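Chemist: Please find the sequence and the predicted model below.
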Amino acid sequence: MSKRFHELIAEASKVVLDKDTEVRLAITCLLAGGHLLIEDMPGVGKTTLVQTLGKLTGLKTQRIQFTIDLLPADVLGSQIFNPQEHKFSFHSGPIFAQLVMADELNRASPRTQSALLQAMEEGEVSVDGMTWELPRPFYVIATQNPHQQTGTFPLPESQLDRFLMSLELNYASKGTEVRILQGEDPRSVVKRMSSLFAEGEFEAAVKNIEKVKLSETVATYIANVLEGSRREGFEGAPLSTRCGISLARAAKAWAFLDDRDYVRPEDVQHVLIPVLGHRLGGNHGIKRGREWAAVLKKATPVPV
Amino acid sequence: MRKEFFAQPYFSLSVVTAMIMVAVEVTPWVAFLGMGLLVWKWGTEKYHWQGMSRRFTGFLSVLLLGQVLFQYRTIVGQDPSYTLLLGLSALRVMDYSTERDHKFVALLGFVLISVKALFSIDIYWVLPSAFAFWGIWYSLLPAQTPSKGKTLWKIFLLSIPMAVILFFAFPRVVIPWAMSRGSTYGQIGFTEDMNPGRVAEIAGSSQLAFRAKIDRLPVKQSKDLYWRGSVLSFSRGLVWRVVPSMPNPGENIRGRGLNPYEVAIEPTSQNFLFALEGTQMLSLESGRVTTLNNSVYRTSRPIVATTVYQGWWSPYFKDMTLPSPNDLKTPEFKGRVLEWVTATNKAAATPEARLELLKKFFTENKFAYTLNPGIYGANDLEEFLFERRKGFCEHFAGSYATLARGLGIPARVVVGYQGGRFNPIGDFWRISQRDAHAWTEVFIDKAWRRVDPTAWIAPLRFEIGGEDFFALSESDQQAFAQQIDWRPPERNTSLLWDRATFLMEDLNYRWSYFLMEFDRSSQDSFFALLGQYKLLSIVGISFALIIFFFLVQNLFKTRVVITEEQELLKTVQEWGTQHHLVRPSSEPPLQYFSRVGRQFPQLQDVLARMSAYYDQKVYAGNKTADSLKDLKKDWKSAIQKKS
């Protein structure tokens, strides 16, 4: 099963050059069934990564560009009166997809943000008292600009918590940039790609993640991490139990990608910064959060 | 934060225990009030009954103070203070809702326990006290204390040497200003007069009066044990009173051939010291005993705590003090009493013959021995002797002595205790209030001699002792009284219950005796003993201390059970540390193994196997092909190869 995922990583790395860890983390996030938040400057390959993933996994992809005047109805859809049938019918919005890319999420007004985030949490959309199920699996990969930029509405802490991971892509190195400039336009490469997965195969893999074994030692390690964040003197926001569950899930997915059916502390450490960064940072920003996560990682003893 | 009293089972149970311990000492109304308030509090917490406002409890406190003042006319003394303390504690529990209240109630709990300990050192209270103390202490430990129970044990164990040192260094002192028992306690116990019914009232209680060890005395039968408490010389027929007598300056020398015995008396807040008939002298702490000239002993200070004194008994001792004219005074005889006295005086000339006739009068007329003879009117002597003929020991003793005086023989009434119950396990006698008794002494042959008219009428009382006798029904008592040759049933001492009671009594006696006997002189002799064996005691004490600390250390050391995998990691870590490869605590073991392997390629193979072993065992939870033994062996040879 994980062989397919190795192909996925290899294929995606052909397009998103020199970002192996990030690609693998992004796939880990999807495999763990969580939403992904990417924070970075425009033009470093966020969209390309999402499009590549969408193509390769065969998930139905939609892109929503968030702007300050975007309304919830523009995202979710609305009831429209049909004069022929003399009744209202629902016109679904762009959110009705399996992989939704929410571009520059922090540009939208909090109202629109929360409409999206509510859909992420509940897996369904409510408009005018009617409820529509979203397709399964349902992923949101949101990108946001660094929050120091003007004209942004930072996501509140409670909503940050709905993303399983946060990633930074960073600028490519000089050598890589040379390769990108010389090579084919990534957009046309993506267009040519086809899905590696059969119908429902990806979803089945996600379900299998649950079966990865988490020993008491590793669970204790995760608990140590949570405890460490609550200790006096630690600067980051204290972590919730839900955060611990997310960490365990992500570690399981990472172990799965490593062809193992059990988790090692190393797996937890690999996903620790992406999973905790945005949660610890809170309104100090993801960058600070990642620094604190690194401190926490270094300070937390691994049970032996 | 709101706190609930009964939500903390240890704490609430402890406070309730402390309250119950004090409640048994106070007047019932306040005990009921306290328990009622506790139930109410329970209801408010569990079933949301209406609680009390602070203002209302404050009002009740004032009311309580008023009631105590009204009842006792003072708030000083044991009974009023116990009452007040218990009532206020219950009201405070009623208020309980904050952390501050918790501290306050805990403090009250400690006060209740220590107050109880001040007044009763019975072994029965040790366990509940310890429990209550424990529970309150437990609740006071900070919430984040790890393993509270263990911490408490540790504190407790560590405090033992301190307690032992304090016990030996500061002996028990009798505080002269100790709280008096207060007025209610006099209900059981002696006074200086004898109204008909007074002794009967005392005998209505089975409470412990005193305990005595007389194993070195030749008298060993219950019926021979007469504990003299007071001599009454002023007669008004059945009613007798003490005539104050002068202290006897007679010689207080512990003569040869005197047999010592010991009495441990319960607090009476009075001055009576009960002494066996034939006691030549009593000794308590220096200068505390006064001997009155009728061989009666008193203390100079009331007995407010359990006290031990020694008596010196001689089989030849006789009270030979000459009777005073006082000892012949009688009330004016009238009617049938006057007739009988005149007739008897005419019929016999010698005192012996007159006493014989007097005895005949009591044995041949059908007198009945009963605790409830009814009340005698103004002409009580005649009514008792010639009409109803029902009475208790004091009726017989009182009327006998009055009649003897009428016959010209000096006589007096003695009150005290008779008999007791022998505890074969502890070898001591337990004398309870049931054994309260009154008898007579007449001056014949130049000495005072005991005559006990009650023994003629109810011999069974003396055969089986007061305790058992009063347990029988009144009709039984009379039936037995009429059959003179009736034998008491053999007591089956192997009965389990009896044995258990005796054992408990004995244990309690030893315990309280040990605690209260350790006074200045015991301390002196103890230290003298230590001084004698200076080296030995120093070695012994240090040895005991070492063993003690060793025990404490071992009991509370958190024993770390190390698993095989941990042992493996430890081996590598120890070696690595020697070679400047320290594992930071945040480095996963497998990473560490491979890091060491990279540094020392010759170890790579065995480290890889170790890594796999660790991985499979700890994270995957699988069995492994490799065994720990092999790995350790290979590891050893690998590191040796390197060097």
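Modeler: Yep, that arrived.
Chemist: only C-alpha atoms for contact and neighbour calcs from this point on.
Modeler: Will do.
Chemist: Would you confirm that residue A:16 contacts residue A:45?
Modeler: Yes: Residue A:16 lies in contact with residue A:45 (CA atoms under 8 Å); the separation is 7.1 Å.
Chemist: Please identify which of the two sits among more neighbours.
Modeler: residue A:16 (23 against 20; other CA atoms under 10 Å in any protein chain shown).
Chemist: Without its sequence neighbours, what residue ends up closest to whichever residue of the stretch 251-400 of chain B sits closest to chain A?
Modeler: Taking CA to the nearest CA as the measure, the stretch 251-400 of chain B has residue B:305 as its residue closest to chain A, at 55.5 Å. Nearest residue to residue B:305 in three dimensions, chain neighbours excluded: residue B:267, at 4.7 Å (CA to CA, 6 or more residues apart in numbering or on different chains).
Chemist: can you confirm the one you found is in a strand?
Modeler: No: if the criterion is DSSP: H, G, I helix; E, B strand; the rest coil, then residue B:267 is coil and not within a strand.
Chemist: Residue numbers of chain A in contact with chain B?
Modeler: A:213-215, A:217-218, A:261-266, A:297-302, A:304 (CA under 8 Å from any CA of the partner chain).
Chemist: filter those residues to the buried ones?
Modeler: Buried by 16 or more other CA atoms under 10 Å in any protein chain shown: A:213-215, A:217-218, A:261-266, A:297, A:299-302, A:304, out of the residues of chain A next to chain B.
Chemist: Could you name the residue of chain A that is farthest from its center?
Modeler: Computed with CA atoms, centre = their mean, the maximum C-alpha offset from the centroid of chain A is found at residue A:84, amounting to 42.0 Å.
Chemist: Wasn't that one part of a strand?
Modeler: No: counting by three-state DSSP, residue A:84 is not part of a strand but coil.
Chemist: so how far is residue A:180 from it?
Modeler: 53 Å (CA to CA, to the nearest Å).
Chemist: show me the contacts for the residue nearest the centre of chain A.
Modeler: Chain A has residue A:36 as the residue nearest its centroid, 0.9 Å off, counting by CA atoms, centre = their mean. With contact set as CA atoms under 8 Å, 6 or more residues apart in numbering or on different chains, residue A:36 has these partners: A:26, A:29, A:30, A:139, A:140, A:141, A:142, A:163, A:164, A:165, A:166, A:167.
Chemist: okay, these in CSV with pLDDT and secondary structure next?
Modeler: Shown next, in CSV, are these (pLDDT from 0 to 100; DSSP: H, G, I helix; E, B strand; the rest coil):
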residue, pLDDT, secondary structure
A:26, 89, helix
A:29, 92, helix
A:30, 89, helix
A:139, 90, strand
A:140, 90, strand
A:141, 90, strand
A:142, 88, strand
A:163, 90, strand
A:164, 91, strand
A:165, 92, strand
A:166, 90, strand
A:167, 89, strand
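Chemist: Rebuild those residues as a markdown table, extending it with neighbour count.
Modeler: Formatted as a markdown table, the contacts of residue A:36 follow (neighbours: other CA atoms under 10 Å in any protein chain shown):
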| residue | neighbour count |
| --- | --- |
| A:26 | 26 |
| A:29 | 29 |
| A:30 | 26 |
| A:139 | 24 |
| A:140 | 26 |
| A:141 | 26 |
| A:142 | 25 |
| A:163 | 25 |
| A:164 | 24 |
| A:165 | 30 |
| A:166 | 26 |
| A:167 | 24 |
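Chemist: And whichever residue of chain A sits closest to chain B, how far from residue B:156?
Modeler: Of all residues in chain A, the one sitting closest to chain B is residue A:301 (4.3 Å; CA to the nearest CA). Remark: distance between residue A:301 and residue B:156 (CA to CA) = 35 Å.
Chemist: follow-up on the earlier one: doesn't the residue of the stretch 251-400 of chain B closest to chain A lie inside a helix?
Modeler: No: counting by three-state DSSP, residue B:305 is not found in a helix; it is coil.
Chemist: Would you agree it is in contact with residue B:266?
Modeler: Yes: contact criterion CA under 8 Å: residue B:305 and residue B:266 qualify, at 6.6 Å.
Chemist: Pull up the overlap in contacts between these two.
Modeler: Between them, residue B:305 and residue B:266 share no contacting residue, judged by CA under 8 Å, 6+ apart.
Chemist: Off-centre distance for the helix or strand containing residue B:403?
Modeler: Per DSSP states H and E: residue B:403 is located in helix B:393-406. With CA atoms, centre = their mean, to the nearest Å as the basis, helix B:393-406 stands 37 Å off its chain's centre.
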